[in-house]
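Asks: I'll drop the sequence and a predicted model, then ask my questions.
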Amino acid sequence: MTFGAPGYLLAGALGALGVVALHLIATARARPYVLPTMRFLPDAEARASRQLSRPRDLLLLALRALAVLALGAGFADPRVERMDAPERMILVVDRSRSADSAALRRAVEARRAGADIVIGFDSVVSDSVLPSSRAPGRLTVGLLAAARASDSLWRRGERARTVLLSAFTSDEVDVATHEAVDAIRGALEFEEVGAATAPQRDVRWRVTDDHPFRVAAPVTRAGASGGVPVIVAERADASDSALARGGGALVLVPSAGDTDDVAPRGVAWGTASFVAPLAMRSVAGGGAVARWADGAPAIVERPLGAGCVREVGVAIPSRGDVATRAGARALARAAVAPCGEFVARGMPLEREERTALLAGRADAMLPSRSFAAFAFVLALAALLGEGWLRRAR
């Protein structure tokens with residue numbers, strides 16, 4: 001038997017001892033009687049011997065102590081583990097950009113037949129596990145979904161065994177991942193899937209050579225062999241949109257001279273940020289991949305056919321050295337990345353780092369049946385019995 005809050009047991013025991021102590025030291029004052037013959041007694045100090053009295057009303061004492069003990073046991077949440085509980089498998093699939101598509105498909109096909117519950121996720125929980133998405137992955141998202149599923153099984157009296165398929169890259173781990181691991185009931189297994197490689201980019205500039213974004217991203221050369229086409233332009237034409245629909249990325253940047261409202265501003269994306277004199281431009285709807293310091297979208301990305309359109313609302317001034325700063329270069333390189341690659345990919349975790357995520361968790365917990373309700377009913381019965389017996393005296 002286990003207890004959810006064993007401290008209440010000690011509180012109940014101390015309370016019962018207090019009831020016994022109060023019962024033993026409590027004395028009832030006798031009712032005074034005036035006798036006529038008292039006037040014949042000598043005027044002297046009255047003395048009398050007293051025998052040690054035995055405790056009375058032991059049944060009342062027992063009922064009161066039982067009520068306090070039962071209340072403490074009820075709040076302590078007593079549980080009896082079920083050794084014969086059936087086991088259910090929860091398959092959690094990281095379908096984000098981190099995993100190699102072919103390797104992920106093979107791993108899912110090998111595991112799916114034996115799974116009772118299948119959960120897919122990237123940055124959000126998904127109903128499907130295949131094919132892979134272009135979104136960054138968040139292990140915490142999948143682990144929390146598995147925790148909810150395992151808790152539901154545990155409450156039904158069934159054991160849970162969770163298997164997580166993932167590439168386990170560093171960009172998928174955050175400060176809440178350890179807590180999400182600890183929240184899962186039952187056994188937890190990590191199965192590594194081969195990591196995908198970041199696609200090469202073929203950047204095609206449709207802006208002038210002195211455009212601030214081209215100055216800030218000189219390392220992205222045009223014509224990369226086999227790379228994903230990325231068109232950088234101030235305005236899109238029909239051919240640019242057609243290329244994006246075919247799987248490329250169309251990046252719309254502000255005009256080079258459109259920097260009248262330059263002011264110190266900050267923009268953040270992923271784990272990076274950049275603060276400098278910048279101009280703010282409005283962007284159309286889409287998923288925000290970078291935000292201003294006030295939370296407003298600074299760069300958005302929206303799908304277009306097999307590709308995407310990325311609209312940049314950060315205007316880098318042409319005058320000054322802002323375009324040559326390290327933050328501007330990092331922002332420009334991210335802005336001209338292929339679809340889904342705005343936030344850089346992380347490296348696969350080492351075996352020791354994956355093992356550290358599981359360190360300290362108790363995965364042998366079995367489903368159990370709670371007897372708290374029985375304890376509360378027993379306490380209520382003892383209190384009712386004590387009240388009836390006290391009135392019947």
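Replies: Received it, and whenever you're ready, just let me know what you need.

Asks: Please measure how far the first residue of stretch 185-199 sits from its last one.
Replies: End-to-end span of stretch 185-199 (Cα to Cα, to the nearest Å): 38 Å.

Asks: So for it, what gets flagged as buried?
Replies: Neighbour counts over stretch 185-199 (16 or more other Cβ atoms under 10 Å) mark 185-188, 190, 192-196, 199 as buried. For the C-beta atoms, the positions are set from N, CA and C on the backbone; glycine is no exception.

Asks: Surely Ala279 is within a strand?
Replies: Yes. Assessed by DSSP: H, G, I helix; E, B strand; the rest coil, Ala279 belongs to a strand.

Asks: Next, count neighbours for the spatially closest residue to it that is not a sequence neighbour.
Replies: Spatially, and ignoring its direct neighbours in sequence, Ala279 is nearest to Ala315 (3.7 Å; Cβ to Cβ, 6 or more residues apart in numbering). Neighbour count of Ala315, defined by other Cβ atoms under 10 Å: 23.

Asks: now do the one 5 residues further on
Replies: Number of residues near Gly320 (other Cβ under 10 Å) recorded here: 14.

Asks: Could you do the one 3 residues further on as well?
Replies: Burial of Ala323, expressed as a neighbour count using other Cβ under 10 Å, amounts to 21.

Asks: Quick check: it is in a strand.
Replies: No. Ala323 sits outside any strand when classified using three-state DSSP, being helix.

Asks: Looking at it now. What's its pLDDT?
Replies: With respect to pLDDT, Ala323 scores 88.

Asks: which residues sit in contact with it?
Replies: 212-213, 215-216, 316-317, 332 (Cβ atoms under 8 Å, 6 or more residues apart in numbering).

Asks: can you list the domains in the chain?
Replies: Annotated domains of the chain cover 1-24+56-82+367-393, 88-197, 201-335 [automatic domain parsing].

Asks: any idea which of these is most buried?
Replies: domain 88-197 (a mean of 19; mean count of other Cβ atoms under 10 Å).

Asks: my guess is Arg345 meets Glu172, correct?
Replies: No. Arg345 is not in contact with Glu172 according to Cβ atoms under 8 Å; the separation is 9.6 Å.

Asks: ranges for the helices of the stretch 151-300 of the chain?
Replies: 177-183, 212-216, 238-245 (DSSP state H, counting those that start in this stretch).

Asks: Need these in CSV (columns: mean pLDDT and distance to Trp269).
Replies: As requested, the helices of the stretch 151-300 of the chain are arranged in CSV below (pLDDT from 0 to 100; distance: least, Cβ to Cβ, whole Å):
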stretch, mean pLDDT, distance to Trp269
helix 177-183, 89, 21
helix 212-216, 88, 14
helix 238-245, 88, 21
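
Asks: can you tell me which of those helices comes nearest to Ala102?
Replies: Nearest to Ala102, of all the helices of the stretch 151-300 of the chain, is helix 238-245, at 24.9 Å by Cβ to Cβ.

Asks: low-confidence ranges in the stretch 151-300 of the chain?
Replies: 218-226, 257-259 (pLDDT under 70).

Asks: all strands of it, in order?
Replies: Assigned by DSSP state E, counting those that start in this stretch, the stretch 151-300 of the chain shows strands spanning 159-166, 187-192, 201-205, 228-233, 249-252, 263-269, 272-280, 287-292, 297-304.

Asks: Since that was my last question, I'll sign off now.
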